[in-house]
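J.: Fold the stuff below for me.
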Amino acid sequence: PVPVPQVGTNLTDLRLPRRVTVRELGGCMGPIWPSYYSECSALLFVVDASNPTQVSSSCIQLLSVLSAAPLASVPVLVLFNKIDLPCYMSLVEMKSLFRMQDVVSCATQPITMLETSARDGTGLAEVLQWLRSALREPG
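T.: Next up is the predicted model:
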């Protein structure tokens with residue numbers, strides 16, 4: 001099936017090895033995102049790498065999220081998704097358009113970037129590995 005933009009909120013439980021709940025909030029839900037920040041331990045920010053018209057909007061949303069005080073030390077994984085489509089922009093192009101070097105240097109939280117395809121699973125293993133590492137309990 002063709003992935004569709006997320007509208008609303010979905011909850012998914014993962015075992016990494018402890019149980020972790022992933023809350024998925026679509027971009028149109030941006031105005032309510034701050035109500036979930038206090039319970040956030042790690043953040044996955046998904047960008048449609050095949051939609052150049054949304055790049056500026058996605059970048060503004062990312063900067064807003066990164067500047068939120070409750071997320072100041074929360075690890076962030078930026079996923080450039082839909083790399084299976086012929087019209088996708090490469091990681092190099094997306095980093096340039098988002099000015100990721102500047103974003104990373106100004107951010108208080110650690111930021112990682114990956115290319116993914118939700119459709120064919122490309123990058124999924126790396127996402128799960130990042131989650132395991134980011135959510136590792138101290139000590």
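J.: Just the strands from this structure, written as ranges.
T.: Counting by DSSP state E, the chain has strands at residues 9-15, 19-25, 43-48, 76-81, 111-115.
J.: Contacts only, for residue 33.
T.: Counting by CB atoms under 8 Å, 6 or more residues apart in numbering, residue 33 touches 25, 65. In this view, the C-beta of every residue, glycine as well, is placed from N, C-alpha and C.
J.: what's the burial count for the nearest residue to residue 45 once chain neighbours are set aside?
T.: Leaving aside its sequence neighbours, residue 45 sits nearest to residue 78 (CB to CB, 6 or more residues apart in numbering; 5.0 Å). Per other CB atoms under 10 Å, the neighbour tally for residue 78 reads 22.
J.: For residue 78, which residues count as its bridge partners?
T.: In this structure, residue 78 bridges to residue 45, residue 113 when assessed by DSSP bridges.
J.: Need the residue closest to the centroid of this protein.
T.: residue 45 (1.6 Å; CA atoms, centre = their mean).
J.: Please determine how far that residue is located from residue 90.
T.: 18 Å (CB to CB, to the nearest Å).
J.: what does residue 107 give?
T.: Residue 107 sits 22 Å away from residue 90, taking CB to CB as the criterion.
J.: Have a look at those two and say which one is more surrounded.
T.: Between residue 107 and residue 90, residue 107 has the larger neighbour count (other CB under 10 Å), namely 17 against 12.
J.: That one contacts residue 66, doesn't it?
T.: Yes: here residue 107 reaches residue 66: they are 5.1 Å apart, a contact under CB atoms under 8 Å.
J.: what sits against residue 88?
T.: 49-50, 80, 82.
J.: In helices only, show me these.
T.: In this view, the contacts of residue 88 have no member that belongs to helices under DSSP state H.
J.: Switch these over to CSV; also include distance to residue 35 and pLDDT.
T.: Listed next are these as CSV, based on distance: CB to CB, whole Å; pLDDT from 0 to 100:
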residue, distance to residue 35, pLDDT
49, 28, 92
50, 30, 91
80, 26, 94
82, 28, 92
